[in-house]
Structure formats: structure tokens, C-alpha cells
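>>> what follows is a predicted structure for the sequence shown.
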Amino acid sequence: MDLLALEPPGWGGNLLRGLLNSVIIAVGAFGFGLAIGIGGAYGKLYGGPILRDLLEVYTTIVRAVPELVLILILYFAGTDLINRVLEALGYARIDINGLVAGIWVLAVVQGAYSTEVLRGAILSIPQGQIEAARAYGMAPMLMMRRITLPAMLPFAIPGLANLWLIATKDTALLAIVGFNELTQETRTASGQTKAYFTFFLAAGVLYLLLTLVSNQIIARVERWSRRGMPSVSGSTR
Amino acid sequence: MNVRTASLAEFAARSPWLQPHRILLMAVGVALVAAAAIFMRWDWLPNYYGLALQGIWRTVWILVVTCVLGIMLAVPLGLAQAAGPWWLAMPANAFCTVIRGTPLLLQLWLLYYGLGSLFPQFPWIRQSDLWPYLRQAWPYAVLSLTLSFAAYEGEVMRGAFAGVPKGQLEAARAYGMRPFTIFRRIWLPQALHRALPTLAGETVLQLKATPLVATITVIDIYAVASRVRQDTFIVYEPLLLLALIYLVISGIIILLFRKMEARIPVRLG
């Protein structure tokens, strides 16, 4: 138990720092993924034929190839590409911050899933609402902000909640490219002290707490997003 | 001649694949593949051919074994949560929550490093007949992937068992079927039918989880690609080929499940 102490002889502080890194990456990846997803869903629904096909290719490939492989490809290719562009422009090579790389790699993965979730959610809105907004002469951005996004939220939340939980757990994969998030810190700590069970169980508890706290928040957000709607049969207790 | 072009155009209009922009995109895709084949380095391929086939075989083997074992574990888990008494439902629910709430990589490392470091301390384990297996990595890989699949699928099966219309079960009881017969003939098949579409997605997710076993020294196809990268310092080519292999395997999984789904009679109301 002393091994988990927060002060330096113990490794508790490292684990908590790892957890913080994991949460930052998850929040960043989920946020950017959501932005990609909104763009992707609009493109798939209202875009031209070529855009639609390209988005289909994007979502299909990302959802069929393991995250681990995608992370490696995007990690190497992304850092390489940026450095080549910098060299071509006459700048020195830079070391890509692991945090930034992790966020953008996971965001590309999350974006594909949230595209599908949001597309389904937009299709579940009674389309009369969107037609009415258009009939009022709302500009597309205003319509998105006032009508489409709030109206689709209750349909999207279960899917998005799942995605958030996947995002928190996918951060563990960044341990393989050597980023110091919770799993990597755990491995370092347990390798140093040989107390494998203690540390892995502690990290498991931390992840579990993250999930359980998220579930509570999600339930609250879902109730808020459904305010004023008639309750769907089965979801009421 | 005129008639022929007209019918061709009509055919093109009806087929989703022969529209002008699709043809253009396919041409671009073919050009990209051709460029990759010509301009990238593939000379390492003959050296690693056998190893790659072995890796693919091991990936598929792990996928199939863990999915089958996982389903077998998921059925009681789902049943316990859907209809069991509280002292069965609670542990099943807790198991699903814990497994679904922690990353698979962590579970894998907990089992491999944790159990792997614990077992050698007990002489009776080292002297048992199982020891040659417990010293290898794959039993831990299979165990943790199975538990993970069982937890996710147990949740699906819970919904599927609960979703079978009560009238069906009541009718079966009215016919005088015994509980186990009801389960075998009515409840389980209908629940499996309901779970099948989700099952396809879960199986693809399981395929995407298999490369994690490479981190505990199981040589699957992902580990082979990593070894090529380390041996030859070629970064992109093995990774792209790897992505293609996984794409093909998930395509096959989706096709197989579509075939299975097509065999189930559907009555739309």
C-alpha cells in the first residue's frame, strides 16, 4: 500500500498524473471527433456525390481497421508529413508533442464513429422541423445552431456516451507509442517495483471510477436534453 | 447502335457502381494502389511471406476461439441479468461493468504480468501438467479477450433475452414444455436472432482488439508487421498492408453475418 503513496517513494502521484493526461487526451479527442463528426454527418446527408463517397470510404476504413494500426499509421505519417512540410518551407524539424499527436490521432478515429452516430440522430429528427426552419428563411448556420443540433441531441446522446467511454479507454492504446498516460505509467511503476497486481488493480479502479462518474454525468445530460419531450415507453421507471 | 447506347446508359443509371463520379473515384483509387505498388518498397515481402501467413492464421484463430468461448459465457451472463435472481444478476452485472469500464490493454497486462509473476511463486503450479502452457503468452491472451467479449456480449444478450415477447414464452409454457426445453427451443434461438446484427459489429470490434495480444509477445499479424518495421526500417508499407489485411478480414466477417442473417425468417408487421 505504501507503493501507492502520493509522495515520490510511492507511485500514486505518477498514476494520478497519468490519469490526468488520459482525461485530457480523451476530452480533446472526443471534442475534435465531435467537430469532425458534425462536418461528416452534414457532408454525408447534404453533400455532393463525391463528398458522400469519400466520407463513406473514411468511415468504413476507420471502423474496420484496428485503432492500434491506425494510431501507428497516423502517428508516423502525421509527424513525418509535418516535418517534411516544415523542411520544404525551410524550417527546422520539430518534435511533435505526444499529447497533440495523441489527441489528433484519436480524434480522427472518433470522428468516423461520431459521423455515423450524428447522421442517424439527424435523420431521427422529425424532418418537418427542419423544413419549417428553412421555410422561415433561416441561414444554414443559424438553422444548425438553433434547430438541428438541439433537436438531434436526445437521439445522439446514447451513441455519443458510448463514444466517450470508448475514448477514455482508447487512450490506453497510446501507451504503445510510448505516451505517458495512465496505462504506461502503471506499467513503468509495476516494472520498477515488481508489484504488478497492486498497480494494475489500482489503475483499473481509476479507469472504472472515470467510467462510473461519466455515467452519472451522462444520465444527467440525457435527462436535460430530453426536457419537454414526451417520455418514450420503456425508458421511464 | 443507338438502342444499345441507350440501354447501356439505362443500365448505368440503375447500377449504383457505374455512375460517373463513382467511376472517377474508382479510377483514382486504382491509381493510388498502382502508385503504392510501384513507388513503395515491397522487396521485403518474399522474406516475410511465411511469417505473415502464420500471423494471419494466429489472428483468425484467436478471433474465432475467443468469440466462440465468449458467446458461450455471454449466454449465462445475459440470462442471469435478464431473468436471474438477484444473487446471480448482481455479480453478472458487476462483472460486465468492471470489464466494460476498464481498457482491454490494462486487463491483458494485469493477467499476463500479474498472474504471470504470481504463478511461479507456487511450486505446485510449477510442477503441474499445465505449467508448460501457463509459461506461454497465448493462454493469457485468449483468457482476457474471451472475458472482454463475454462482458460486452453479455450486455447485448441481456437485452436480447429481455426483448423476446412474453407471449412466446407463455405459449410455450401453455404447451407444457419444461423450462429447459423452453429455453432451448424458444427463448435462446429468438434471443440469438435479435442479437445477431449487434453480434456482427461486436465481432469486428473483437477483430480490432486482437492486435493488443502482440504487446504480450503473441506473434499475430500485427506483431509480424512490427517485426518487419524493426528489421528493415520500412515504416509505411507493412502498416498499409496490415490495414488492408484487417479490412479484408472484417469484410469477410460482415459477409458471413449477412449470410447468417438472411437465413432467419423475418416478418415485417
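Looks like it arrived, so ask away.

>>> quick one: contacts for residue 158?
Just so you know, I chose chain A. Shown in contact with residue A:158 (C-beta atoms under 8 Å, 6 or more residues apart in numbering or on different chains): residue A:222. C-beta here means a position set from N, CA and C on the backbone, and glycine is covered the same way.

>>> please go with chain B instead
With C-beta under 8 Å, 6+ apart, residue B:158 has these contacts: B:77-78, B:81-82.

>>> of those, grab the buried ones for ChimeraX.
Of these, the buried ones can be selected in ChimeraX as follows, counting by 16 or more other C-beta atoms under 10 Å in any protein chain shown:
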select /B:77,78,81,82
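
>>> how near is the most centrally placed residue in chain A to residue B:97?
Chain A has residue A:30 as the residue nearest its centroid, 2.6 Å off, counting by C-alpha atoms, centre = their mean. To residue B:97, residue A:30 is 21 Å away according to C-beta to C-beta, to the nearest Å.

>>> what does residue B:86 give?
With distances taken as C-beta to C-beta, residue B:86 is found 15 Å from residue B:97.

>>> these two: which has the busier surroundings?
Set residue B:86 next to residue B:97 and count neighbours by other C-beta atoms under 10 Å in any protein chain shown: residue B:97 wins out with 16 against 9.

>>> so where does that one fall, helix or strand?
helix B:86-101 (DSSP states H and E).

>>> low-scoring stretches of chain A, by residue?
Judged against pLDDT under 70, the low-scoring parts of chain A cover residues A:1-9, A:230-237.

>>> who's in contact with the spatially closest residue to residue A:61 that is not a sequence neighbour?
Nearest residue to residue A:61 in three dimensions, chain neighbours excluded: residue B:247, at 6.7 Å (C-beta to C-beta, 6 or more residues apart in numbering or on different chains). Going by C-beta under 8 Å, 6+ apart, residue B:247 touches A:61, A:64-65.

>>> ok, the residue lying closest to residue B:196 once chain neighbours are set aside - contacts?
Spatially, and ignoring its direct neighbours in sequence, residue B:196 is nearest to residue B:261 (5.5 Å; C-beta to C-beta, 6+ apart). With contact set as C-beta under 8 Å, 6+ apart, residue B:261 has these partners: B:196-197, B:200.

>>> the longest helix along chain A close to chain B?
What stands out as the longest helix in chain A, according to DSSP state H, is helix A:12-46. No - contact of helix A:12-46 with chain B (C-beta under 8 Å from any C-beta of the partner chain) is absent, the minimum separation being 9.3 Å.

>>> mind checking how far that helix is from the chain centre?
Its chain's C-alpha centre and that of helix A:12-46 lie 3 Å apart, by C-alpha atoms, centre = their mean, to the nearest Å.

>>> any buried residues in it, and which?
In helix A:12-46, counting by 16+ other C-beta under 10 Å, buried: A:12, A:14-15, A:18-19, A:21-23, A:25-26, A:28-30, A:32-34, A:36-38, A:40-44.

>>> please apply the same query to stretch B:37-54.
Using 16+ other C-beta under 10 Å as the test for burial, stretch B:37-54 gives B:48, B:52.

>>> hmm, who's touching that stretch?
Stretch B:37-54 is contacted from outside by B:219, B:221, B:224, B:227-228, B:231-232, B:234, B:236-238, B:240, using C-beta under 8 Å, 6+ apart.

>>> what's the answer for stretch B:231-246, then?
A:61, A:64-66, A:69-70, A:72-73, A:76-77, A:80, B:36, B:40-42, B:44, B:56, B:207-208, B:221-222, B:225-226, B:228-229.

>>> using PDB, write out every CA atom in it.
Below are the C-alpha coordinates for stretch B:231-246, written out as PDB (Å, rounded to 0.1, in the frame of the first residue of the first chain):
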ATOM      1  CA  ASP B 231      14.200  -5.300 -39.100                       C
ATOM      2  CA  THR B 232      14.100  -3.200 -42.200                       C
ATOM      3  CA  PHE B 233      13.300   0.300 -41.000                       C
ATOM      4  CA  ILE B 234      10.500   0.400 -43.600                       C
ATOM      5  CA  VAL B 235       7.600   2.200 -41.800                       C
ATOM      6  CA  TYR B 236       4.600   2.700 -44.100                       C
ATOM      7  CA  GLU B 237       4.500  -0.300 -46.300                       C
ATOM      8  CA  PRO B 238       3.900  -3.000 -43.600                       C
ATOM      9  CA  LEU B 239       1.400  -0.800 -41.900                       C
ATOM     10  CA  LEU B 240      -0.600  -0.200 -45.000                       C
ATOM     11  CA  LEU B 241      -0.600  -3.900 -45.900                       C
ATOM     12  CA  LEU B 242      -1.600  -4.600 -42.300                       C
ATOM     13  CA  ALA B 243      -4.500  -2.200 -42.600                       C
ATOM     14  CA  LEU B 244      -5.600  -3.900 -45.900                       C
ATOM     15  CA  ILE B 245      -5.500  -7.300 -44.300                       C
ATOM     16  CA  TYR B 246      -7.700  -6.200 -41.400                       C
END
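
>>> next, the buried residues of it.
For stretch B:231-246, the buried set under the neighbour-count rule, 16+ other C-beta under 10 Å, comprises B:234, B:236-243, B:245-246.

>>> JSON lines for these, including secondary structure and pLDDT?
Below are the buried residues of stretch B:231-246 laid out as JSON lines (DSSP: H, G, I helix; E, B strand; the rest coil; pLDDT from 0 to 100):
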{"residue": "B:234", "secondary structure": "coil", "pLDDT": "83"}
{"residue": "B:236", "secondary structure": "helix", "pLDDT": "82"}
{"residue": "B:237", "secondary structure": "helix", "pLDDT": "85"}
{"residue": "B:238", "secondary structure": "helix", "pLDDT": "88"}
{"residue": "B:239", "secondary structure": "helix", "pLDDT": "88"}
{"residue": "B:240", "secondary structure": "helix", "pLDDT": "88"}
{"residue": "B:241", "secondary structure": "helix", "pLDDT": "90"}
{"residue": "B:242", "secondary structure": "helix", "pLDDT": "92"}
{"residue": "B:243", "secondary structure": "helix", "pLDDT": "91"}
{"residue": "B:245", "secondary structure": "helix", "pLDDT": "93"}
{"residue": "B:246", "secondary structure": "helix", "pLDDT": "94"}
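
>>> and the two most separated of those?
The distance between the two most remote of these (C-beta to C-beta) is 18.7 Å, for B:234 and B:246.
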